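J.: Got a predicted structure plus its sequence, pasted below:
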Amino acid sequence: EASSSSYFITPEDGGESKRYRRVSQFISIFADKENLARRDTRYAVKGAIQFYANEIGSLDLDEDKQELDKKIETAARKAGKWDAADYGTGVHAWTEDVDNGLQFARNALGPAVKALKWGTKTTFENNFEAIYRDVETYLLLKEAHGLKWTRAEATIVLDEYGVAGTLDRLGTVSEDSPAYCCDKLHVGDVKTGSVDFGRLEKSMQFACYAKGKLYNHDTGVRTEHGACLKTAYIIHLPARKATPAIIPVPLEHGLLMLDLAHAAWSERSHKHMWKKYNTDEWIARQVSEAGTEAELTELYTRTHMLWNEDHANTATAKIKEL
């Protein structure tokens, strides 16, 4: 139902599916990507030097763009660009399975874990014990704060923005928890990486999930989930560290930014063409107003670099008139 940058959603009134922008792309319009770009460059350079120095050095920057891009991305992966993300995906998949009712045990792996592929699958297998311990601490965190999820991995849509995404968790926090907000359902999201950066994007991401409606891919039906619009929660599981935490995320500012993001994307979708005013009309007028052949010759000598075929034909006809 979703490609790398979009979902295909049935309109509320039926008909052909429409392309909806992913939440992650929608909120990226205000993202500061400079540090991420620098990090990606470091991985690419390191991998290129270590693994593909001769091959990449022999490629032409203009003629071999696709091959060069492919080699650079492969080099970055081999240098470890995706290691942390693959590890986090493995942790996330196992927590999804246990939240969907699977018994937590080393020999009981569920559909989300079994669906892991390629590098993510290899990372999971190579780091099995570490991931097991991370999920173990996740379950203790749930117990400590009385986290009870009613949904894990559900598609949401915001039809007013043409945006869709996958809500990670939806549930409640115990009144006994110091992070308690209210008795409504709350959006939750399991994250293993740093949460010290991109706070605006995270607030916008969770605001999308809280404001959106649950979407049924089979029927196209939207359902209100009634999530709290004041607070969402990051369930932070720092990789390989027994320091799980629940982090309240205020949504007020994120909700305000959604309208701005929608306006910005709408503006970017317009194909504004700026009108160009060159010298063609001026040259044509100068040729037309020339009173003698000498004036035409002087005009040509001074402005010939701006002439086109129409100017030359007009000048030839003008000389015949004179």
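T.: Arrived safely.
J.: what element comes up after the helix or strand where residue 209 lies heading to the C-terminus?
T.: Assigned by DSSP states H and E, residue 209 belongs to helix 199-211. Elements were assigned by DSSP H and E; along the chain past helix 199-211, the next helix or strand is strand 213-215.
J.: So which bits of that following strand are buried?
T.: Residues 214-215 are the ones in strand 213-215 that count as buried (16 or more other CB atoms under 10 Å). Quick note: C-beta positions are derived from backbone N, CA and C, even for glycine.
J.: what's the weakest-modelled helix or strand in this structure?
T.: helix 53-57 (a mean of 85; mean pLDDT, DSSP states H and E).
J.: Okay, buried residues for the helix holding residue 209 please.
T.: So, applying 16+ other CB under 10 Å, buried residues of helix 199-211: 201-211.
J.: what's next to it, contact-wise?
T.: Contacts made with helix 199-211 from outside it, assessed by CB atoms under 8 Å, 6 or more residues apart in numbering, are listed as 23-24, 26-28, 30-31, 156, 158, 163, 165, 167-168, 186-187, 189, 195, 227-229, 232, 234, 249-251, 253-255, 257-258, 261.
J.: Which among those count as buried?
T.: By neighbour count, with 16+ other CB under 10 Å, the contacts of helix 199-211 hold 23, 26-28, 156, 158, 163, 165, 167-168, 186-187, 189, 195, 227-229, 232, 234, 249, 251, 254-255, 257-258, 261 as buried.
J.: quick one: the helices in the protein?
T.: Chain-ordered helices for the chain, with DSSP state H as the definition, fall at 23-27, 34-51, 53-57, 65-78, 83-99, 111-114, 118-126, 128-145, 199-211, 252-269, 280-289, 293-303, 309-321.
J.: what's around residue 136, how many residues?
T.: 14 (other CB atoms under 10 Å).
J.: Phi first, then psi, for the residue lying closest to residue 14 once chain neighbours are set aside.
T.: Nearest residue to residue 14 in three dimensions, chain neighbours excluded: residue 220, at 7.0 Å (CB to CB, 6 or more residues apart in numbering). For residue 220, the backbone dihedrals are phi 80, psi 10 (criterion: degrees, to the nearest 10).
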